[in-house]
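1. just need the structure, nothing else, for what follows:
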Amino acid sequence: MPCTLRSCFPILLTVLLITCSLGSAAQSGNRFGVKAGASFSNLRGAGEDATDKDLRTAIHGGVFGRVSASDQLGIQAELLYSPKGTTIRYDGLVDQTITFKLAYLELPVFAVVGIGEVLELHAGAYAGYLLSSNASTEGDLGSDDDELDRDNFQGADYGLLLGAGANLGPAQIGLRYLHGLAELAASEGSRMVLGDARNSALQVYLAIALNAK
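-> Numbers count the residues shown, from 1 in each chain. I've put the predicted structure just below:
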């Protein structure tokens, strides 16, 4: 069933409490704050017979909390709204374009390793919960824009992440790659179009620590 405020509120509240607790711990160097940026996503493996594929560009954002064991080592958790998808084009006897738009509530957890006073590296994993799914088509077979039944897609996503950030006082600018491991299709109809497609995304972001001194 689609995620509603009632059904998702306990999940949101639990993860928010964990994230804020991490960031507000007493140890020096711990942080909590907000972040947002651009996401360039693709459904890796979808449309293998397509003429062309385009990344989906959208905005992601949310909150983060970090526990630091030292100035150079820490653990960070985030709670993000994360849009994903792609546009697939087929040219030939029939020209058709299909655009998939998926939206996830995503929880990345990763290790932070500092390099010098400014740069840091990130490595870890993420889990996501599918909030909504949409597909629009345009071409010789007609045009349509439908909210898809979430039963066509796996409700859970998960994968690995790698990234890097540069700290500028209370702010951080960063780059991250998400490599999904879960197959997206959950029905025969979606599998005919998506095959064994998995999510992938490149994100650039700005994060602001709200407790920075």
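
2. so Leu210 touches Asn30, yeah?
-> No. Leu210 is beyond contact range of Asn30, at 11.8 Å (criterion: CB atoms under 8 Å). To be clear about C-beta, it is placed using only N, CA and C from the backbone, and glycine gets the same treatment.

3. out of those two, which sits in the more crowded spot?
-> Legend: neighbour count by other CB atoms under 10 Å for Leu210 and Asn30, higher for Asn30 (18 against 13).

4. thought Arg66 was touching that one, still the case?
-> Yes. Contact criterion CB under 8 Å: Asn30 and Arg66 qualify, at 5.9 Å.

5. quick one, strands of this protein?
-> Along the chain, counting by DSSP state E, strands occupy 31-44, 52-70, 73-90, 96-115, 119-139, 144-147, 156-168, 171-180, 198-209.

6. give me the contacts around the last one.
-> The contact list for strand 198-209, computed with CB atoms under 8 Å, 6 or more residues apart in numbering, reads 31-45, 60, 64, 82, 84, 102, 128, 157, 159, 163, 165, 170-184.

7. only whichever of those residues are buried, select them in ChimeraX.
-> Buried residues within those, by 16 or more other CB atoms under 10 Å, are selected in ChimeraX with:
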select :31,32,33,35,37,39,41,42,43,44,60,64,82,84,102,128,157,159,163,165,172,174,176,178,180,183,184
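
8. so for the closest residue to Asp157 other than its chain neighbours, what pLDDT did the model give?
-> With CB to CB, 6 or more residues apart in numbering as the criterion, Asp157 has its nearest non-adjacent residue at 3.9 Å, and that residue is Gly128. Model confidence at Gly128, given as pLDDT, is 95.

9. am I right that Gly128 is in contact with Tyr81?
-> No. At 10.4 Å, Gly128 does not count as touching Tyr81 under the criterion of CB under 8 Å.
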